[in-house]
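Trainee: this one's structure only:
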Ligand code: SAM
Ligand code: DTB
Ligand code: SF4
């Protein structure tokens, strides 16, 4: 990082900070709601096209039977959730789903697999999927669990644009929701992904019973990485029967929106994605999320195994708010993709 010191804070060559202290980020959370929203909107307008939202579509290319025990996840083999186990999807089905997502207006296609870490043959098959999706002119994203540096490079060579790997919460709270891997495992994969010159998509989940300090801690982790993730998904826990986190009290919508606003302020250039949980949100909560600086959504009826608002509801909401979906050309110009 090529760093300069300004106003007692360390900034990189792009003027971005990587030295956020927990107390500072907690103080942002403590601001009066309107002041926080005003600051977030100022940062948003300085770095992003107003009234524009990028749309990504998800596809679960390998579902269920995951050996990890993430307490929120319907795909873990440790919990009875009724999610059917499926083998890796045939290439033709993936291409058809990507084509359909493109026609519906998505500019990025994200392929998710319920792996702890992919095997050699998985990487080969998924590399083929990435090549074909990219040939459609869409940005590509994959989320396959832990990667070695070599696997990250192979995916890069196949044309992968983004790799999603969430830190999910603070380091302290992480231990309480997952026992089969550590926070450091997550950070190691993020390092491999960055070093392979892939764009990083990393965020977390709100409403798992964590404290505000945990939410602030998660954002400190993300903002203090050597580079800010280019994409930061903020998920509201989707409660699935059978998972240990089913029945958690969650947070009120203002606290969820505060988390988005603080993410926007500490990572000004990142695409902050209003991710899982939209189906359970009112139109007004979603609108507040855009006001707080969310610049992207998951679009299409399904996330990985759970529901998302249908396309008609999303089109109607965006039209009523006069928000334009980002076009393929805008997406490509912004990221240099395809
Ligand atoms: N297995 C890979 C991994 O864990 O990185 C990729 C797939 S995993 C389903 C991707 C992300 O989905 C998780 O990191 C988590 O943040 C999010 N997720 C999973 N279940 C969720 C739920 N019930 N509600 C909200 N987000 C969830
Ligand atoms: C992310 O942060 N959220 C998406 C995506 N990255 C892969 C996944 C949400 C999953 C919600 C539960 C499900 O549908 O299985
Ligand atoms: Fe497996 Fe990912 Fe679900 Fe954890 S979040 S159980 S690693 S699919």
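Mentor: Received, thanks. In this text the structure is predicted, and so the values were computed from the model without any measurement. Ligands and ions are numbered 1, 2, ... in the order given.
Trainee: spell out which parts of the stretch 51-200 of the chain neighbour ligand 2.
Mentor: 58, 74, 110, 112, 143, 164, 166 (CB under 6 Å from any ligand atom). For every residue, glycine as well, the C-beta is placed using N, CA and C.
Trainee: for the fifth one, the count of nearby residues, please.
Mentor: Counted with other CB atoms under 10 Å, residues neighbouring residue 143 total 21.
Trainee: what sits against the residue most central in space within the chain?
Mentor: Note on the chain: the residue nearest the mean C-alpha position is residue 233, at 2.6 Å, using CA atoms, centre = their mean. By CB atoms under 8 Å, 6 or more residues apart in numbering, the contact set of residue 233 is 164, 166, 201-204, 273, 275-276.
Trainee: again, but for residue 173
Mentor: Residues in contact with residue 173 (CB under 8 Å, 6+ apart) are 208, 210-211, 214, 217.
Trainee: which of those residues lies closest to ligand 2?
Mentor: Checking the contacts of residue 173 against ligand 2 by CB to the nearest ligand atom gives residue 208 as the nearest, at 12.6 Å.
Trainee: the closest one: what's it in contact with?
Mentor: 71-72, 169, 173, 177, 237, 245, 248.
Trainee: now these as TSV including secondary structure, pLDDT and distance to residue 98?
Mentor: Below are the contacts of residue 208 laid out as TSV (DSSP: H, G, I helix; E, B strand; the rest coil; pLDDT from 0 to 100; distance: CB to CB, whole Å):
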residue	secondary structure	pLDDT	distance to residue 98
71	coil	96	31
72	coil	97	27
169	coil	98	31
173	helix	97	35
177	helix	96	32
237	coil	97	28
245	coil	95	31
248	coil	89	34
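Trainee: so which of those residues wins on neighbours?
Mentor: Compared across the contacts of residue 208, residue 169 has the highest neighbour count, 26 neighbours, by other CB under 10 Å.
Trainee: now that residue: how far from ligand 2?
Mentor: Using CB to the nearest ligand atom, to the nearest Å, we find residue 169 at a distance of 12 Å from ligand 2.
Trainee: how about the host helix or strand of residue 190 and ligand 1, touching?
Mentor: In the assignment (DSSP states H and E), residue 190 maps to helix 183-195. No. For helix 183-195, no contact with ligand 1 is found by CB under 6 Å from any ligand atom; the gap never falls below 8.2 Å.
Trainee: name the helices or strands packed onto the helix or strand just after that helix?
Mentor: Sequence-wise, the next helix or strand downstream of helix 183-195 (DSSP H and E) is strand 199-201. Helices and strands touching strand 199-201, by 3 or more CB pairs under 8 Å, 6 or more residues apart in numbering; DSSP states H and E, are strand 162-164, helix 183-195, strand 231-236.
Trainee: can you lay out these as CSV showing mean pLDDT?
Mentor: Formatted as CSV, the helices and strands packed on strand 199-201 follow (pLDDT from 0 to 100):
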stretch, mean pLDDT
strand 162-164, 97
helix 183-195, 97
strand 231-236, 97
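Trainee: tally of neighbours for whatever residue of the stretch 201-338 of the chain ends up closest to ligand 3?
Mentor: Distance from ligand 3 to each residue of the stretch 201-338 of the chain (CB to the nearest ligand atom) is smallest for residue 304, at 7.9 Å. Residue 304 has 24 neighbours, counted by other CB under 10 Å.
Trainee: any idea how far residue 20 is from it?
Mentor: The spacing between residue 304 and residue 20, counted by CB to CB, to the nearest Å, is 30 Å.
Trainee: any chance of the contacts of residue 173 in CSV, plus pLDDT and distance to ligand 1?
Mentor: Putting those into CSV (pLDDT from 0 to 100; distance: CB to the nearest ligand atom, whole Å) gives the following:
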residue, pLDDT, distance to ligand 1
208, 97, 9
210, 97, 13
211, 97, 18
214, 98, 14
217, 98, 16
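Trainee: among those, which ones are buried?
Mentor: 208, 210, 214, 217 (16 or more other CB atoms under 10 Å).
Trainee: for the residue of the stretch 151-300 of the chain found nearest ligand 3, which non-adjacent residue is spatially closest?
Mentor: Across the stretch 151-300 of the chain, the shortest distance to ligand 3 (CB to the nearest ligand atom) belongs to residue 178, at 6.9 Å. In this structure, residue 178 finds its nearest non-sequential neighbour in residue 70, 5.0 Å apart by CB to CB, 6 or more residues apart in numbering.
Trainee: isn't the one you found right up against residue 79?
Mentor: No. Under the criterion of CB atoms under 8 Å, residue 70 makes no contact with residue 79, lying 9.5 Å away.
Trainee: can you tell me which residues contact the residue of the stretch 151-300 of the chain closest to ligand 3?
Mentor: Residues in contact with residue 178, defined by CB under 8 Å, 6+ apart, are 68-71, 168.
Trainee: return the closest of those with respect to ligand 1.
Mentor: Ligand 1 lies nearest to residue 168 out of these, by CB to the nearest ligand atom, at 5.1 Å.
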